[in-house]
Structure formats: structure tokens, C-alpha cells
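Q: Need a 3D model of the following:
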Amino acid sequence: MRVLRPPPVLDEIKPIAARWVASARASLDADDALLRAALETNFAWDRAPASEQPRLLSFIADHFASIDRVLRESERLFRRPWPWDVRRFFGEHPPPAYAFDGYVYFTDEFRSYEGDRGFGPMCLAAMVIHESVHVFDARSGEPEIHISEWDEPKFSAVPPLLQIHNPSAYASFAAQVHHAQLEWPREARFGAGRRAD
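A: The predicted structure follows:
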């Protein structure tokens, strides 16, 4: 597939995503109410066996480190496909972003919100973090794992040992701790359900 430079809006969105990821990584070193709330909301922490929690926390920390690496290597890993290739693969309604073969592709649908089209910066930042997980986690696209943070109660029902592979869990966790929200109900989360934010 032929590729172009990613859309210019990424220049303003990558720093937002990077700040969220930095907040997420810093939060994992704290044993406080915010960390516990975010782990419960996004990784079903109360259902994780106590004996497994240190390993799971280390796994989550490694994933955030990998997301950070993807963002730092975005010049190499972020691409934009040719529009006709996108139409050939996805038809008239392509996704704004998708991961394939170790790269993240941003289509012309990945753009700032205007009128009833495009997406707000928080929504786009959540997409960037989400798609970054697909670059390195081979399990992240499995149907029983790849559940949107907006798809409740299914999102909260994913078992912890699967949820640690869910790209949506990382985007939601990062936003929750960055914005220091102990409560993070479905309607507060960024992403597809709040496309203008």
C-alpha cells in the first residue's frame, strides 16, 4: 500500500496523547485512590486475583512504555494511506485510523471537528493511544478483547487477564488519570461517544 505523510492535525494531537501517557506511567508508581479507581474502571481490578495483581500491574506499565515508544517513533510508524486505497479496502465509510502490519494509518477522516464532521482533540488523542497498542500487542484485536470503553456493560465485563490487552482500556485509563477523575462513567470517557470533545 502506498503511503503519504500523516495528516497535519497529528502535530497537535500527539502532544496531548503523550501527556496522557506520561500521566498514566507516573500514576502507576503511586498507591493512591486515583490509581485504584482507574485500575478498577479500566482493568476490572477487583476481579483480578491478589496474587496476580503485581504481574498485571507490571504488564500494564510495560504496555504504557511501549505506547510511549510508538509515539516517540511516530515519524516512522504513523502513516496516511492513499485515499483510493482506503476506499478500495473500506468503501465509503473508512475508519479515522487503523493499525496494520506494525504501523498506524490515519485516513482523511482523522481530522478536527467542524460542524458534524471530524473529531475533537480529546477524541483524537484517545484514538492515537488506542491504535498505538495495536502496533505491538498481537492479541489487542481479538473480538473478546477489542471492546470499546463506550460499549458498556461489555467493557466492564471483560476479565482482567484479557482486559490488559484491550487498547480501549489504555486510552481510557490514561485520560482518567490525566484528568484526575475518581469517577469515570461511560458518558465522561473520551472517544467515539464524545466525538466533538
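
Q: okay, CA-based contacts and neighbour counts for the rest of this
A: Fine.

Q: Excluding covalently adjacent residues, which one is nearest to the spatially most central residue of the chain?
A: Geometric centre of the chain, nearest residue: residue 130, 2.2 Å, by C-alpha atoms, centre = their mean. Excluding the flanking residues, the one nearest residue 130 by C-alpha to C-alpha, 6 or more residues apart in numbering is residue 167, at 4.6 Å.

Q: now residue 48
A: That would be residue 160: by C-alpha to C-alpha, 6+ apart, it lies 5.8 Å from residue 48.

Q: element containing the residue nearest to the centre of the chain, please.
A: Element membership of residue 130, judged by DSSP states H and E, is helix 121-136.

Q: Give me the packing partners of whichever helix or strand comes after that helix, helices and strands only.
A: Once the chain leaves helix 121-136, the next helix or strand it forms, by DSSP H and E, is helix 154-157. With contacts defined as 3 or more C-alpha pairs under 8 Å, 6 or more residues apart in numbering; DSSP states H and E, the packing partners of helix 154-157 are helix 33-43.

Q: in the helix it packs on, what counts as buried?
A: 34, 35, 36, 37, 38, 39, 40, 41, 42, 43 (16 or more other C-alpha atoms under 10 Å).

Q: Distance-wise, check the residue nearest to the first one when sequence neighbours are not counted relative to residue 172.
A: The shortest distance from residue 34 to any residue other than its chain neighbours is 5.5 Å, reached at residue 182 (C-alpha to C-alpha, 6+ apart). Taken as C-alpha to C-alpha, to the nearest Å, the spacing of residue 182 relative to residue 172 amounts to 13 Å.

Q: between the two, who's got more neighbours?
A: residue 172 (27 against 15; other C-alpha atoms under 10 Å).

Q: Reformat the buried residues of helix 33-43 as JSON lines; add distance to residue 70.
A: As requested, the buried residues of helix 33-43 are exported to JSON lines (distance: C-alpha to C-alpha, whole Å):
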{"residue": "34", "distance to residue 70": "26"}
{"residue": "35", "distance to residue 70": "23"}
{"residue": "36", "distance to residue 70": "26"}
{"residue": "37", "distance to residue 70": "26"}
{"residue": "38", "distance to residue 70": "23"}
{"residue": "39", "distance to residue 70": "23"}
{"residue": "40", "distance to residue 70": "26"}
{"residue": "41", "distance to residue 70": "25"}
{"residue": "42", "distance to residue 70": "21"}
{"residue": "43", "distance to residue 70": "22"}
